[in-house]
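Q: give me coordinates for this.
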Amino acid sequence: MELKIHTKYFGERDIKETTIIHFLSGVPGFQEEKEFVLLDIPGNELLQVLQSVQTADLAFIVANPHDFYNDYAFSLDDPILDALQINEEKEVVILSILTIQEPFNQSTINLKAPIIINADKKYGKQYIINEEAFSLKANISLPTNAEEREG
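A: A predicted model of the protein is given here:
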């Protein structure tokens with residue numbers, strides 16, 4: 001079934017109900033917001049929009065953190081694996097929220113609190129990593145080698 005939603009960046013859009021990602025406990029700061037959808041940004045292969053289904057003005061620019069930090073790695077603990085019903089690594093999608101600035105090279109990416117999604121079951125949760133190595137506002141740096149971006 002298709003739904004019509006209002007979006008922050010793309011006006012009115014039709015989305016398939018099966019693409020809705022359910023955040024059972026909401027998103028930090030927006031606990032009442034439990035349904036989001038990922039929207040592609042035309043002409044941009046790195047960035048997407050995590051758009052609230054309920055609130056048009058609530059949308060986050062997100063990206064796969066590995067596109068900016070090849071060595072980004074952490075372990076998920078049992079409570080998040082259970083909450084998202086994750087059984088295999090291939091089910092996991094990791095996204096980080098970006099804060100976009102002008103010029104773009106002053107933008108930052110949140111490596112401390114990634115969004116974890118079970119791609120198969122469409123459950124999501126923001127996960128706070130308890131390691132000092134990760135920053136809430138890490139500089140964005142694209143891989144220098146074009147092959148790394150495509151890999």
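
Q: which residues sit against the helix or strand hosting residue 79?
A: Element membership for residue 79 (DSSP states H and E) is helix 78-83. Contact with helix 78-83 is made by 24, 86, 116, 123, 125, 127, as judged by CB atoms under 8 Å, 6 or more residues apart in numbering. C-beta here means a position set from N, CA and C on the backbone, and glycine is covered the same way.

Q: ok, so what distance separates residue 83 from residue 54?
A: Counting by CB to CB, to the nearest Å, the gap between residue 83 and residue 54 amounts to 21 Å.

Q: quick one, which of the two is more surrounded?
A: Ranked by neighbour count (other CB atoms under 10 Å), residue 83 and residue 54 place residue 83 first, with 17 against 14.

Q: residue 126 versus the more buried one, what's the distance?
A: Separation of residue 83 from residue 126 (CB to CB): 11 Å.

Q: got the residue ranges for the strands in the chain?
A: Taking DSSP state E as the criterion, the chain carries its strands at 2-7, 11-16, 21-22, 35-41, 44-52, 59-63, 92-99, 108-109, 115-118, 123-126, 138-139.

Q: adding mean pLDDT and distance to residue 75 as columns, could you present those in a markdown table?
A: Putting the strands of the chain into a markdown table (pLDDT from 0 to 100; distance: least, CB to CB, whole Å) gives the following:
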| stretch | mean pLDDT | distance to residue 75 |
| --- | --- | --- |
| strand 2-7 | 96 | 34 |
| strand 11-16 | 96 | 32 |
| strand 21-22 | 98 | 22 |
| strand 35-41 | 97 | 24 |
| strand 44-52 | 95 | 23 |
| strand 59-63 | 97 | 21 |
| strand 92-99 | 97 | 11 |
| strand 108-109 | 96 | 20 |
| strand 115-118 | 98 | 12 |
| strand 123-126 | 97 | 15 |
| strand 138-139 | 92 | 19 |
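
Q: out of those, which is closest to residue 29?
A: strand 123-126 (9.4 Å; CB to CB).

Q: contact partners of the closest one?
A: Under the criterion CB under 8 Å, 6+ apart, residues 21-25, 27-28, 36, 80, 83-85, 113-118 lie in contact with strand 123-126.

Q: which among the residues you listed end up buried?
A: Neighbour-count burial (16 or more other CB atoms under 10 Å) applied to the contacts of strand 123-126 gives 21, 22, 23, 27, 36, 83, 84, 114, 115, 116, 117, 118.
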